[in-house]
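[1] Give the three-dimensional model of this entry:
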Amino acid sequence: MLDKVDIKILELLQRDVSLSVSDIAEQVNLTTTPCWKRIKRLQDEGVIRHKVALLDPQQLNLDLTAVVQVKTQQHSATWSEAFLSHVKDLDEVMECYRMAGEYDYMLKVVVKDMRSFDAFYKKLVNRVSGLTEVTSSFAMEQLKYTTELPLSAALTKDHYFES
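    Prediction:
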């Protein structure tokens, strides 16, 4: 069960994982040891999955972002597992979702340029059998990007907080 202090700790870590435990403890009005224990519990419970560095794709010449939507007639567990295995092997795929609606899967793909996207596209359609349609859209400009989950909007006192 999460309480308001846990939520505040998570908000702080989402903004800057390099904060020291003592900095976090100060901001949530705890001493260092109880704060560290809370962070450790959140890690052990899987609430905190990873601690990472976020890189700037443009600084690394990864200027093209595409949303790739995929349709298939194949819906068996075996096919889905094979599809996911292929997608996981494609470094260009940043995110993959199984969708409800018109398309079955959606991929977020980041590459250097259109030539690199074409190479990615060819790998995808040649490695994965059973695709009936692959549609791509290209981002012209990133207007918002965040990795911070909306904790204040997603968690309500009635359902997630201890009393």
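[2] Neighbours of the nearest residue to residue 88 once chain neighbours are set aside, how many?
    In space, and not counting its chain neighbours, residue 88 is closest to residue 96: 8.0 Å by Cβ to Cβ, 6 or more residues apart in numbering. In short, each C-beta sits where N, CA and C put it, glycine included. Residue 96: 17 surrounding residues under other Cβ atoms under 10 Å.
[3] So what pairs up with residue 95 in the strands?
    Counting by DSSP bridges, residue 95 is bridged to residue 108.
[4] Pull the contacting residues for residue 15.
    Contacts for residue 15 (Cβ atoms under 8 Å, 6 or more residues apart in numbering) come out as residue 148.
[5] quick one: the residue of the chain most remote from its centre from residue 16, how far?
    Relative to the mean C-alpha coordinate of the chain, counting by Cα atoms, centre = their mean, the farthest residue is residue 31 (31.7 Å). Noted for residue 31: a distance of 21 Å to residue 16, by Cβ to Cβ, to the nearest Å.
[6] Likewise for residue 93?
    Residue 93 is 27 Å from residue 16, where distance means Cβ to Cβ.
[7] just residue 25 next, same as before
    As for residue 25, its distance to residue 16 is 14 Å (criterion: Cβ to Cβ).
[8] higher neighbour count, these two?
    residue 25 (20 against 9).
[9] Am I right that that one sits in a strand?
    No: applying DSSP: H, G, I helix; E, B strand; the rest coil, one finds residue 25 to be helix, outside a strand.
[10] isn't it right next to residue 39, touching?
    No: with contact defined as Cβ atoms under 8 Å, residue 25 does not count as touching residue 39 (9.5 Å).
[11] Measure how buried the closest residue in space to residue 130 that isn't next to it in sequence is and give me the count.
    Nearest non-adjacent residue to residue 130, counting by Cβ to Cβ, 6+ apart: residue 74, 3.9 Å away. When neighbours are defined as other Cβ under 10 Å, residue 74 has 15 of them.
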